[in-house]
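In: Show me how the following folds:
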Amino acid sequence: GYQEGIFDGKETSTQEGFNIGFMQSILVGYNWSVVRGVTSALASFPEGLKERLIETQERNFMRSLYEAVHSLSAADVLRLFNDDILAKEGQEQSEDAEASSHVACLQEQSSGSSHLENYFGELQSLLSKSPVLNVHFPGDM
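Out: Below you'll find the predicted structure:
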């Protein structure tokens, strides 16, 4: 009975941890794949087509976004994601532990978004400046 209890406890704990991790990562992972895919597609366009579709300033921005995104390895992305989770947990613990004006001031200075979310925001900004490029994001429907 003791061994069965240990096994059942481990199984329950493992499933709960998986469920939490899945919920934390699914949207971030999806958005990251959209950023990688769209920047790769745009970068693969012939220069003449890029010139017709995207203004010069946006082309430069798109090129720098592509280079930034593709310079990150899978391990780098996982590290950024982990850092973001730890920062959010630290912020939540600070909020629970203190309700002082110092904590409120730090929260105002923080952008509130993660490193990986910033890339997605930059892509959305780029695409909104180019009316010819029409990409539908899940929240747009």
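In: from here on, contacts and neighbour counts on C-alpha atoms
Out: OK.
In: So which other helices or strands are in contact with the longest helix seen in the chain?
Out: Ranked by number of residues, the top helix in the chain under DSSP state H is helix 2-44. Contacts defined by 3 or more C-alpha pairs under 8 Å, 6 or more residues apart in numbering; DSSP states H and E place helix 2-44 against helix 56-70, helix 115-128.
In: JSON lines for the ones you listed, including distance to Asn82?
Out: JSON lines is the format used below for the helices and strands packed on helix 2-44 (distance: least, C-alpha to C-alpha, whole Å):
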{"stretch": "helix 56-70", "distance to Asn82": "17"}
{"stretch": "helix 115-128", "distance to Asn82": "10"}
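In: Of the ones you listed, which is nearest Asn31?
Out: Shortest separation from Asn31 across the helices and strands packed on helix 2-44 is recorded for helix 115-128, at 6.2 Å, computed as C-alpha to C-alpha.
In: Tell me which other helices or strands the closest one touches.
Out: Right, helix 115-128 is packed against helix 2-44, helix 56-70, helix 74-97 by 3+ C-alpha pairs under 8 Å, 6+ apart.
In: winner for burial among these?
Out: Using mean count of other C-alpha atoms under 10 Å, the stretch among these with the largest mean neighbour count is helix 56-70, at a mean of 16.
In: So what touches that one?
Out: Residues from elsewhere that reach helix 56-70, judged by C-alpha atoms under 8 Å, 6 or more residues apart in numbering: 35-36, 39-40, 42-43, 50-51, 119, 122-123, 126, 129-130.
In: out of the residues you listed, what pair is the most spread apart?
Out: Glu51 and Tyr119 (22.9 Å).
In: Neighbour count: those two, which is higher?
Out: Shown here are Glu51 and Tyr119; by other C-alpha atoms under 10 Å, Tyr119 has more neighbours (19 against 12).
In: Not counting sequence-adjacent ones, nearest residue to that one?
Out: Spatial nearest neighbour of Tyr119, excluding adjacent residues (C-alpha to C-alpha, 6 or more residues apart in numbering): Val35 at 7.0 Å.
In: State the three-state secondary structure for the residue nearest to Leu53 when sequence neighbours are not counted.
Out: Spatially, and ignoring its direct neighbours in sequence, Leu53 is nearest to Val132 (6.2 Å; C-alpha to C-alpha, 6+ apart). Here Val132 is coil, with the state taken from DSSP: H, G, I helix; E, B strand; the rest coil.
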